[in-house]
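> Need a 3D model of the sequence below.
(2 chains)
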Amino acid sequence: MNRLVRLLIRDLKGSVGLSWHLLASQLVMPIVYIFIMGLTFANIIGGVTIGGARVSYVQYLAIGVVFGQLMLSASYAGAMVFFDKRMGMFEQILAGPFRRWEYFLSKILSVVLQGLFGSSVVILIASPLLIGLTPTFKGILYTLFSLIFASLFFGSLSLLISAYVKTDQTLNIVFNSILPPLTFVSSIFYPIEAMPEPLKYIALINPLTYAADMTRYGLFGITSTTILYAPLLLLTLSTITFTLAMHAAYKISL
Amino acid sequence: MVISVRDLVKDYGDVRALDSVSFEVFRGEVFGFIGPNGAGKTTTVRILTTLLPPSGGEAFVLGFNVVKNPVDIRCRIGYVQQQLSLELFMTARENLEVYGLLWGVDRQEKRRRADFLAEIFGLRDVMERKALELSLGQRKRLQVAREFMHDMELLFLDEPTVGLDPIVKRTLLDFIREKAKGEGLTVFFTTHIMSEAEYLCDRIAIIDKGKILACGTTEELKERFGVETILELVVQEGDGEIVKLLESIHGVKEVQPTDSKSIRLAVVDPYSKTPEILSLLSKEGYHVTELRVKEPSLEDVFIRAVRRRESRHE
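Below you'll find the predicted structure:
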């Protein structure tokens, strides 16, 4: 079996073993967002019109919540490295038949797979609200593309940050500082057209905006101002972040 | 030759952790690397396992250069680090089997080895418990056992017995000895416990403050550092004259009365000198009621080696 696959299986077994409860608890927030906040706000907002199409607010929000969740679980990649370091497994694995890049790539692949799984579960939970949608094959490809590359971006970002901070506490502080702005200055909860002018521009450099918009386009067929270049931008951003992360991973000391 | 180290240097900023370290390890031997805490043992192991780059000098493991061919080395070695390292949220069995998976051991073999090692290391009853729930001693046993889930040519053991009770410690040392003598495994064993090194190792290097002080078999080291055997004599009635008498014997290096009847002698060649000592004492009217022989230990060698180094620096 390929070395990378072996590392990946170990990561997945470890993550699931570590956090079945954590995984389950991660579903609480999406459910609260979609079924409490979404349905309540839907009574106030009614619907969202973008690119000439109109969807209910709860449907709009459901996709945003998928990506909020995906960002959270992908950002676990850096924490996994710190956890391995604390448990002595980082040193143990690197003294084994693995290259350092294989170890770090396995972390990213692991969060991508976990992100895809978590997103699927959230979409499944939200499915009663999505009844009637008939996405095209192209739409499904768009959705998968956005899920995979958003996970890749946030997993790589997490690893990149973990290479420059010394402790897992600092890593938590950094993430707690950057995740909320990333979430709110994006199209997760509302279309960026509705945002104040300066924030709109910041949202336009946030990959979360592109990822959520691509999935909305894929599932609902609604288009936005960013949809034409969203795939290219997401691909470019995630590739750059991934390359930087793999490079920085060699800086992480034992 | 399995390990060849020449003039190895490691600097951490301004601190020189290894200073021109050179030694060789041969196939099938248990090589002890002994020294106090902070002597440079773990740094050496980390360089040889390719986890740390050296600052200078050269090191070859199994014929591969540690800087140029790290993966070739790591595919062929085992490593039990000093720090505890386990998948704490996995059971003992999962720890063994996942480690086997990482090394590409097939499913049936993984299970067979896990059961075998559980038996050897006394882990059978805790195999389905999470590592987090195990005692420190059990965790350490699991960590050592885990390394035998895969095949290797060379095993690095960095203070593996810390935290183990004497019985388990002896079981582990015997298991390692059997692996070396029976299966030809080469073992690089670091410890600061001299009796362990003496029990297990074919050859020993003494390291202190980043420098190798001596290297050889235990007997060679004892000889080189002139560590004498101690004879403890108890006589029926002693006096001041007996000390003078014993000091006059050629080969007796040090005479130290411990009380009015007991005397400690440092003797260079105890097996030929003892009859001579007893005969002389008898002739002079001293009746020896007890005779104990205390062989010099590696600890004595170590202390002598460190003192000799310190006296050279003064």
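
> When you work out contacts or count neighbours from here on, use the C-alpha atoms and nothing else.
Will do.

> Where does the prediction get shaky in chain A?
Counting by pLDDT under 70, chain A contains low-confidence residues at A:1, A:15-20, A:22-23.

> What of chain B?
Scanning chain B for pLDDT under 70 picks out B:313-314.

> Which parts of it are strands?
Assigned strands in chain B, in chain order: B:3-12, B:15-25, B:30-34, B:56-61, B:64-65, B:77-80, B:154-158, B:186-191, B:203-208, B:211-216, B:229-235, B:252-257, B:262-267, B:288-294 (criterion: DSSP state E).

> mind putting those in TSV, mean neighbour count and distance to chain A included?
As requested, the strands of chain B are arranged in TSV below (neighbours: other C-alpha atoms under 10 Å in any protein chain shown; distance: least, C-alpha to the nearest C-alpha, whole Å):
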stretch	mean neighbour count	distance to chain A
strand B:3-12	17	13
strand B:15-25	18	16
strand B:30-34	27	19
strand B:56-61	20	13
strand B:64-65	18	14
strand B:77-80	25	7
strand B:154-158	23	10
strand B:186-191	25	15
strand B:203-208	24	23
strand B:211-216	19	24
strand B:229-235	20	43
strand B:252-257	17	49
strand B:262-267	20	47
strand B:288-294	13	42
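
> Could you export the ones you listed as TSV, including distance to B:G122?
Putting these into TSV (distance: least, C-alpha to C-alpha, whole Å) gives the following:
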stretch	distance to B:G122
strand B:3-12	32
strand B:15-25	31
strand B:30-34	24
strand B:56-61	32
strand B:64-65	36
strand B:77-80	18
strand B:154-158	19
strand B:186-191	22
strand B:203-208	29
strand B:211-216	34
strand B:229-235	38
strand B:252-257	46
strand B:262-267	43
strand B:288-294	34
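
> wait, which of the ones you listed is closest to A:S127?
For A:S127, the closest of the strands of chain B is strand B:77-80, at 49.8 Å, according to C-alpha to C-alpha.

> The closest one pairs with which strands, and in what direction?
Within its sheet, and counting by DSSP bridges, strand B:77-80 is paired with strand B:154-158 (parallel).

> quick check: angle from the partner strand to strand B:3-12?
40 degrees (axes from the mean of the first three to the mean of the last three C-alpha atoms, to 10 degrees).

> roughly how far is stretch A:222-233 from the heart of the chain?
18 Å (C-alpha atoms, centre = their mean, to the nearest Å).

> quick one on the thing from earlier: which among the strands of chain B is found nearest to A:S119?
Distances from A:S119 to each of the strands of chain B were compared using C-alpha to C-alpha; the minimum, 39.1 Å, belongs to strand B:77-80.

> Next one: the residue of chain A found nearest chain B relative to A:R99, how far apart?
Taking C-alpha to the nearest C-alpha as the measure, the point where chain A comes nearest chain B is A:G88, at 4.1 Å. Between A:G88 and A:R99 the computed distance is 17 Å (C-alpha to C-alpha, to the nearest Å).

> same check, this time on A:P180
From A:P180 to A:R99 the distance is 34 Å (C-alpha to C-alpha).

> Of those two, give the one with the bigger neighbour count.
The residue with the greater number of neighbours, taking A:P180 and A:R99 and applying other C-alpha atoms under 10 Å in any protein chain shown, is A:R99; the counts read 16 against 11.
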